[in-house]
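Student: Sequence plus predicted model, see below.
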Amino acid sequence: MFLRIDRLQTELPMPKEADPNAAAALQELLGGKYGEMSTLGNYLFQSFNFRSKSKLKPFYSLVANITAEELGHVELVSTGVAMLNNGPGDPEEYDIGAAPFEDMKDIRLAASFLSNGGGAMPMNSNGASWNMDFVTTTGNVIFDLLHNFHLECGARLHKLRVYETLTDPTGREVCGYLLVRGGVHAHAYALALKKLTGVEIEKMLPTPNIPTDRIPESAKYLEEGSHRRLYRFSPDDYKEMAGIWGGGEKALPDDPKGTLEVVDGPPEGGKIPELEGTPSAFAPDYAPEEMYEIATKLWKKSR
């Protein structure tokens, strides 16, 4: 079962302005080959299909727990996409007959507005649907862990390239945070492989060799030690992964003083931004004030 918390894994700044093409670039981190839908899909189905779970508990716990974090990464990227499509502040009132969204027909992903009202969808930056061909689950623990290591390394290169296309703080924050957390997951899978095979795959890290300390949106997470932490997204389960990540194990060579730790519970995170509906786009509907009134009454009734 999954426990859902109504917060993002990190705080996202509001965009300076609506930037649908930046949102389209960020879609690559959602539905691209190395996007968050792929990491989630791989770990989710590997955890479902995992054989000998009780006998291989530390390795099962690692994959199953990282699955929960990846679900939050999908939420984070999706929120960033919606924020960039929406822009800051309250929407203005438009004259429907005056083609208020004329510019939307020329953006890279016009369907993100025409079909989805500016929301995120499981597709890449060109609008190609994410699909199950991006999921590998073989039933062989070593093969799956090796694939996961490759996937996380590829995802970090993915995120850097998207970061280098963006100037808006919202998209850059998404990339900066995920660059650090992706490094954690790659390191964790490398250590798991070393425990199983004796091969010191972690010596290949960081792969690719991205200088995250020179990326402002990443550097602050390094300073607070996020790269040393695996969060345990469960009240009582998955404690066994501490046998792989923790126990005095040293962090990466560029952080010789740090040791790895499992943190009970999720990161503090940040509030999910409130995105206002745009009446001229019939979102949430043509007469939203009636819907807001109904929702307010229901909310008061629940307290």
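Tutor: Good, I have the coordinates.

Student: quick one: low-confidence ranges for the stretch 1-150 of the chain?
Tutor: Residues of the stretch 1-150 of the chain meeting the criterion pLDDT under 70: 89-93.

Student: Let's see that with 80 instead.
Tutor: Applying pLDDT under 80 to the stretch 1-150 of the chain flags residues 89-94.

Student: Now do the strands in it.
Tutor: Assigned by DSSP state E, counting those that start in this stretch, the stretch 1-150 of the chain shows no strands.

Student: Pretty sure residue 134 sits against residue 39.
Tutor: No. Residue 134 is not in contact with residue 39 according to Cβ atoms under 8 Å; the separation is 9.4 Å. Backbone N, C-alpha and C define where each C-beta goes, glycine included.

Student: out of the two, which sits in the more crowded spot?
Tutor: The neighbour comparison of residue 134 against residue 39 (other Cβ atoms under 10 Å) goes to residue 39, with 26 against 17.

Student: out of everything not next to it in sequence, what's closest to the more buried one?
Tutor: residue 70 (4.9 Å; Cβ to Cβ, 6 or more residues apart in numbering).

Student: before we move on, what about residue 138?
Tutor: Nearest to residue 138 is residue 144, by Cβ to Cβ, 6+ apart, at 5.6 Å.

Student: so who does that neighbour touch?
Tutor: Residue 144 sits next to 42, 46, 63, 136-138 when contact means Cβ atoms under 8 Å, 6 or more residues apart in numbering.

Student: just to revisit the earlier point, how close does the residue nearest to residue 39 get to residue 22?
Tutor: Separation of residue 70 from residue 22 (Cβ to Cβ, to the nearest Å): 23 Å.

Student: the more surrounded of the two?
Tutor: Taking neighbours as other Cβ under 10 Å, residue 70 and residue 22 compare with residue 22 leading, 25 against 22.

Student: Number of residues surrounding residue 157?
Tutor: Neighbour tally, residue 157, other Cβ under 10 Å: 15.

Student: pretty sure it is touching residue 33, no?
Tutor: No. Contact criterion Cβ under 8 Å: residue 157 and residue 33 do not qualify, at 11.0 Å.
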